[in-house]
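Engineer: Turn this into a structure:
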Amino acid sequence: MRGIVLFILAALIGAANAKFSLAIRLESLTVDGTLLNENPCSAFSALGFKCSPRPKICIELLPLVTKGFADCYSGSYIDLGVSSNTDEIKYDAPGTYSGWQNPSVYSLNSDYQGFQVKLVVYNAEGVYYNLIDEQSFNFTEQSATNATVDGGKISSFTLSYTLSNSPEPSGEPTPPGGNPTSGSVTDGNNSPSTDKTENPSTIEPSKEPTTNTPSTQNPTSKGFWFEEY
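Structural biologist: I've put the predicted structure just below:
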């Protein structure tokens, strides 16, 4: 209970003393059509059926990152919804994709050193959830347009981002763009877990999945990061 109170106080203090704001806009996510165990996503792949990816995302400020994929330093993973019978997801429309607002704005109260994106992608067929892959990627430049990375079963992941000195933009933030430099991108140190069973297990989702159709809510500040004491 004490930890929760301290976390809330830190959030309030961080909001008042934020040094920067980081706007992150997802562009696209593509998987290679197979599960982590190399089986096709769909039992009917021979008939042309593809994956039904349900990704979740974690944003962590470097160097304050968590090891592995169980935890997220900035709070919790954000669900991106389910896309049916496709290996490619497009986030080309502003709005809300399940729990993610595109773009999302993060307030930073420490010096900026870059950020890490952790992606965990399941194939969702009804109540059956089988792992496609989990990967982490580091982004170290202050801004980038269409920065693309890949790894494992995630054959392509693209986003854009902009760092601003304004801690809390008023109204809808300016989407990442303008004249940014090319993003310096490196793979994270984390690698896909190897403790998965050969036969995919049945995984109950934490909540009912939503289809990958954005709403039109205005983006707001998504969260805060804090320095360690």
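Engineer: residues in contact with P55?
Structural biologist: Under the criterion of CB atoms under 8 Å, 6 or more residues apart in numbering, the contact list for P55 reads 29, 80, 89, 119-122. For the C-beta atoms, the positions are set from N, CA and C on the backbone; glycine is no exception.
Engineer: Need the per-residue pLDDT for the nearest residue to G151 once chain neighbours are set aside.
Structural biologist: Counting by CB to CB, 6 or more residues apart in numbering, G151 lies nearest to Q135, which is 4.4 Å off, once chain neighbours are set aside. Note on Q135: pLDDT of 97.
Engineer: Buried ones in the helix or strand where Q135 lies, by neighbour count?
Structural biologist: Assigned by DSSP states H and E, Q135 belongs to strand 128-139. Buried positions in strand 128-139, judged by neighbour count with 16 or more other CB atoms under 10 Å: 129-139.
Engineer: again with stretch 30-40
Structural biologist: 30-36.
Engineer: and those residues as a markdown table, adding secondary structure?
Structural biologist: Shown next, in a markdown table, are the buried residues of stretch 30-40 (DSSP: H, G, I helix; E, B strand; the rest coil):
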| residue | secondary structure |
| --- | --- |
| T30 | strand |
| V31 | strand |
| D32 | coil |
| G33 | coil |
| T34 | strand |
| L35 | coil |
| L36 | coil |
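Engineer: out of those residues, who's nearest S98?
Structural biologist: Distance to S98 across those (CB to CB) is lowest for V31, with 17.3 Å.
Engineer: From the rest of the structure, what touches the helix or strand hosting I89?
Structural biologist: I89 belongs to strand 88-90 when assigned by DSSP H and E. The contact list for strand 88-90 (CB under 8 Å, 6+ apart) reads 27-31, 53, 55, 80, 83, 212.
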